[in-house]
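**Student:** Got a sequence here, can you model it:
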Amino acid sequence: MSHPTILEVEPGSPAAGAGLSAGDELVAVNGVAPVDVIEYQQLIDDPELDLDLVRLGNPMRVAIDKRPGEPLGIRLSSSIFDRVQTCDNHCEFCFIYQLPPGMRQSLYLKDDDYRLSFLYGNFTTLTRFTELDLARVIEEKLGPLYVSIHATDPDVRADMLRNPRGATSLRWLRGLLEHDIDVHGQIVLCPDVNAGEVLDSTCAEIVARYGTLASVGIVPLGVSRYATGMSLRAHTPPEAAADLDIIEAWQETALRHIGRRLFQASDELYLMAGREVPVTATYEGFPQHENGIGMIRAFHDEVARLEGGSHDDGPQITGEWRTIQSAPATGYRAPTVTATPIRAGVVGPAVIVTGVYGARALNPLLPRLEALAGRELRILEIPNDFFGGNVAVAGLLVGQDVERVLRADSEPAGLYVMADSALKGDVFLDDMSLTQVAAAASAPLIAVAPSAESLVKAVAA
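**Tutor:** As a prediction, the model looks like this:
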């Protein structure tokens with residue numbers, strides 16, 4: 001088991017008072033070596049702590065007295081201190097199998113760890129879940145969790161996961177729900193595999209057997225040009241419309257039988273089918289907003305609130321890492337930096353840089369956003385040539401595609417702005433930095449949170 005490193009010590013905290021420093025390795029708390037940040041959080045709630053540390057290769061022990069429940073005041077380098085439970089499924093629709101070679105190693109790691117599900121909202125199939133895991137989740141009330149269902153038919157699910165345990169692992173989902181653990185489900189919809197009639201049967205069984213699920217998000221298969229699975233293909237518009245009809249019918253059935261719509265289709269399905277997204281009530285609080293479900297409607301709602309003069313945070317970020325002071329913000333949650341400073345007195349329209357689907361969603365709102373910002377806006381659509389296929393979401397834009405389009409953009413621009421969802425810190429998936437990409441632009445390029453308020457503030461005249 002590796003030991004987490006202290007990345008930061010909060011000034012004035014008990015850790016700072018005890019002399020803890022960035023670079024120290026945490027070995028144990030009161031004689032217990034925590035396996036993850038969840039156990040660590042429970043251990044440091046005690047008022048009297050003995051910490052075993054390693055500083056520059058030398059072991060040391062530090063005693064700390066603090067108030068019960070008071071945060072220790074450190075940020076750690078990782079959330080899992082033992083080994084991340086990797087995925088032993090071989091789903092051909094997994095996007096990791098659709099990545100080109102040569103990208104950074106962390107992108108090829110497939111996790112199937114319920115702890116990362118609890119902390120960050122990662123989806124797990126439960127095929128590596130055990131009795132001990134179930135006991136811990138129940139005892140510590142580790143919810144919500146996020147579970148990939150895909151299909152309830154045992155043979156279909158096992159075939160999709162390319163794992164015989166896929167046929168039986170939904171028993172753990174029953175166990176979680178029977179012990180009142182909040183669980184959100186997901187179905188990745190693959191034409192000719194679990195769509196159409198199979199989707200209809202899956203929804204029926206979910207209502208009958210798993211009706212206490214908090215939500216079930218249904219998202220279409222993404223197919224990049226690197227996909228090698230012969231059965232993989234994207235939805236056609238009529239197929240997307242047909243699957244939406246099934247989902248919407250089951251929403252009404254669930255509403256009648258369990259008092260909630262339960263099922264929620266992704267924005268991509270509506271864009272594929274050429275349909276408008278549903279009204280706000282359909283999304284029942286937007287529990288799967290970060291899964292691309294309800295983003296368009298939530299953005300519309302936020303624009304309306306801004307027009308009315310009110311402000312709020314909108315849908316909450318998934319995962320419990322925000323409540324654990326020491327848990328690092330991993331992946332796309334890492335803080336994003338502005339690439340270039342905005343020069344005072346910049347003139348010209350502000351240009352919203354986004355993907356194909358983002359452009360479709362934002363175009364109808366452009367006049368309203370211009371009125372809020374008091375500035376001319378235009379949209380610069382970035383086709384995803386890097387991944388190709390039907391990949392069109394802004395969160396999968398890569399630096400080289402953005403750079404190419406920015407370099408070729410000859411229309412007036414006073415400022416370029418894009419959502420930071422395509423970045424980890426200031427780095428795109430292809431390891432180009434935002435600063436590198438910004439050098440190709442004729443005006444400053446900044447990245448902001450993917451919200452209407454952040455966009456309006458960034459571009460306001």
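**Student:** Show me what the longest helix that the chain contains is in contact with.
**Tutor:** Longest helix in the chain, counting residues (DSSP state H): helix 237-258. Outside helix 237-258, the residues that touch it by C-beta atoms under 8 Å, 6 or more residues apart in numbering are 189, 191, 195-196, 199-200, 203-204, 207, 211, 218, 220, 235, 260-265, 269-270, 272-275, 282. To be clear about C-beta, it is placed using only N, CA and C from the backbone, and glycine gets the same treatment.
**Student:** Please repeat the previous calculation with a cut-off of 7 Å.
**Tutor:** 189, 191, 195-196, 199-200, 203, 207, 211, 218, 220, 260-263, 265, 269-270, 272-275 (C-beta atoms under 7 Å, 6 or more residues apart in numbering).
**Student:** Please pick the buried ones from these.
**Tutor:** Buried members of these, scored by 16 or more other C-beta atoms under 10 Å, are 189, 191, 195, 199, 203, 207, 218, 220, 261-263, 265, 269-270, 272-273.
**Student:** show me what contacts the residue positioned nearest the centre of the chain?
**Tutor:** Nearest to the mean C-alpha position of the chain, counting by C-alpha atoms, centre = their mean, stands residue 290 at 5.0 Å. Listed by C-beta under 7 Å, 6+ apart, the contact partners of residue 290 are 121, 318.
**Student:** And it, how far from residue 395?
**Tutor:** Here residue 290 is placed at a distance of 10 Å from residue 395 (C-beta to C-beta, to the nearest Å).
**Student:** With residue 44 instead?
**Tutor:** 34 Å.
**Student:** Over to residue 364?
**Tutor:** In terms of C-beta to C-beta, residue 364 sits 21 Å off from residue 395.
**Student:** Comparing the two, which shows the higher neighbour count?
**Tutor:** residue 395 (19 against 11; other C-beta atoms under 10 Å).
**Student:** Kindly give the local confidence score, pLDDT, for the more buried one.
**Tutor:** At residue 395, the pLDDT value in this model is 90.
**Student:** and if you look at residue 346?
**Tutor:** 63.
**Student:** What ranges does the stretch 251-400 of the chain have for its strands?
**Tutor:** All strands of the stretch 251-400 of the chain, identified by DSSP state E, counting those that start in this stretch, fall at 263-265, 350-354, 377-381.
**Student:** Looking at those strands, spot the one closest to residue 431.
**Tutor:** Closest to residue 431 of the strands of the stretch 251-400 of the chain is strand 350-354 (C-beta to C-beta; 18.8 Å).
**Student:** what about the closest residue to residue 276 other than its chain neighbours, distance to residue 295?
**Tutor:** Distances taken as C-beta to C-beta, 6 or more residues apart in numbering put residue 270 closest to residue 276, at 6.9 Å, once the chain neighbours are dropped. Here the criterion is C-beta to C-beta. By it, residue 270 lies 11 Å from residue 295.
**Student:** again, but for residue 258
**Tutor:** In terms of C-beta to C-beta, residue 258 sits 25 Å off from residue 295.
**Student:** same question, residue 106
**Tutor:** In terms of C-beta to C-beta, residue 106 sits 25 Å off from residue 295.
**Student:** Who has more neighbours out of those two?
**Tutor:** residue 295 (28 against 9).
**Student:** So that one is in contact with residue 267, correct?
**Tutor:** Yes - assessed by C-beta atoms under 7 Å, residue 295 is found in contact with residue 267 at 5.5 Å.
**Student:** so where's the protein uncertain?
**Tutor:** 1, 229-230, 313, 337-346, 461 (pLDDT under 70).
**Student:** Per the annotation, how does it divide into domains?
**Tutor:** 6-76, 95-323, 331-459 (automatic domain parsing).
**Student:** Now render these as JSON lines, adding distance to residue 87.
**Tutor:** Compiled in JSON lines, these are given as follows (distance: least, C-beta to C-beta, whole Å):
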{"stretch": "domain 6-76", "distance to residue 87": "18"}
{"stretch": "domain 95-323", "distance to residue 87": "4"}
{"stretch": "domain 331-459", "distance to residue 87": "16"}
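**Student:** wait, which of these is closest to residue 84?
**Tutor:** domain 95-323 (5.2 Å).
**Student:** ok, back up a step: with respect to residue 184, which of the strands of the stretch 251-400 of the chain lies nearest?
**Tutor:** The nearest among the strands of the stretch 251-400 of the chain, by C-beta to C-beta, is strand 263-265 at 9.8 Å.
**Student:** Quick one: residues in contact with that closest one.
**Tutor:** 203, 215-218, 244, 247, 250-251, 254, 283, 288, 293-294.
**Student:** Can you tell me which of the residues you listed is closest to residue 347?
**Tutor:** residue 294 (36.2 Å).
**Student:** Tell me, how many residues neighbour the closest residue in space to the closest one that isn't next to it in sequence?
**Tutor:** Residue nearest to residue 294 in three dimensions, not counting chain neighbours: residue 283, with 4.0 Å by C-beta to C-beta, 6+ apart. A count of nearby residues for residue 283, using other C-beta under 10 Å, gives 22.
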